[in-house]
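Enquirer: Okay, predicted coordinates and the sequence, questions at the end:
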Amino acid sequence: MTTRNSTSSDPGRAVVVFAIAGLASSVLFWMARNTGEDPRLPDVAATFAQEPVFPAAVIVQATVDQRETSGASARVRAAPAVPIDDAADRDPPRLPTTPVTEDDHYREFRALAAADLGALEALIPAVLDGDAPDCRRVALLRVLFDSRSTVTADTFTRTIRNLPESSSGSRGDSVPGFAVTFLAKRAAREPGALAILERVAFDGGAPMPEGLRRRAAAAFAVAADGSALDRLPTLVAREVDDALILGVTAALTQNPHVTAVDRALSRMGLPLPDRSVVPSPER
């Protein structure tokens, strides 16, 4: 037996089905026109709202096509992001410092003196009275003396009188002590050094540190030549420091100008040393 389709056998039922389908289509069309949305499409906004958020570190580079600028079409591409280096906020690396020696300062001052001695002399207050290290002060004194500056005597005298007798240098002596020793080593062959020692020891002006003045007087007595030895009795006669006088008397025995030394001692009323006794060599 053959079974016939119920729809084709019932024309009335088919009409009802087609009517319902048409009504549904009309409702869908009306909804799309009034809401601007196609109910058949998925809710895109809701879909994205459910998507996971991109990590903050992800940099999105956007390209804007056909942007109108002054009537002309141009393609604008966002500049690539530059990573921020927090190292820029750190302190810059410090280079190791190399200690500057006395010889380094000496070469600096020597070159300046050769180019412009007046420029070197203009540095004296800043170096001696400022916070310069002792090695720089010593180097300045050396260059002034070696350059035959006209302010050498004044500078040495002021250094011995005013600078503190404390040491921060590698020579193991204060700057004033160095100045006296420096002059003493040169006094026998450098008249300028001998004259500064005489000034420091016997000038009678502003008071000098007692120990430095005695050292200068003894150094003068050892290195003095004939004319300086002839002045010595007068210088000692007005001296009131007994320790200084004793130091000068002892230093005269080391002076090689025997005749002038004996003459000076006689004028000072002091006994002459017995030079006939030759010390025997030690065994």
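Expert: That came through fine.

Enquirer: CA atoms for contacts and neighbours, from now on please.
Expert: OK.

Enquirer: And for A188, the neighbour number?
Expert: A188 has 18 neighbours, counted by other C-alpha atoms under 10 Å.

Enquirer: which stretches of this structure aren't confidently modelled?
Expert: The chain contains residues with pLDDT under 70 at 1-99, 167-171, 277-283.

Enquirer: can you rerun that using 80?
Expert: By pLDDT under 80, the low-scoring segments of the chain are 1-99, 167-172, 205, 275-283.

Enquirer: Can you show me the strands along it?
Expert: Along the chain, the stretches classed as strands by DSSP state E are 63-69, 72-77.

Enquirer: Next up, the contacts around the closest residue to A113 other than its chain neighbours.
Expert: Counting by C-alpha to C-alpha, 6 or more residues apart in numbering, A113 lies nearest to L120, which is 5.7 Å off, once chain neighbours are set aside. For L120, the contact set (C-alpha atoms under 8 Å, 6 or more residues apart in numbering) comprises F109, L112, A113.

Enquirer: So what touches stretch 162-178?
Expert: With contacts defined as C-alpha under 8 Å, 6+ apart, stretch 162-178 is touched by L128, P133, D134, C135, R137, V138, T159, I160, R161, L212.

Enquirer: want to try TSV for the contacts of L120, with neighbour count as columns?
Expert: Formatted as TSV, the contacts of L120 follow (neighbours: other C-alpha atoms under 10 Å):
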residue	neighbour count
F109	24
L112	16
A113	19
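
Enquirer: Keep only those of these that are in helices.
Expert: Of the contacts of L120, the ones assigned to helices by DSSP state H are F109, L112, A113.

Enquirer: Just the buried residues of the contacts of stretch 162-178.
Expert: L128, P133, D134, C135, R137, V138, T159, I160, R161, L212 (16 or more other C-alpha atoms under 10 Å).

Enquirer: Reformat these as TSV; add distance to L232.
Expert: What follows is those, written out as TSV (distance: C-alpha to C-alpha, whole Å):
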residue	distance to L232
L128	31
P133	37
D134	33
C135	34
R137	31
V138	29
T159	24
I160	21
R161	22
L212	18
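
Enquirer: Looking at those residues, which is nearest T181?
Expert: L212 (9.8 Å; C-alpha to C-alpha).
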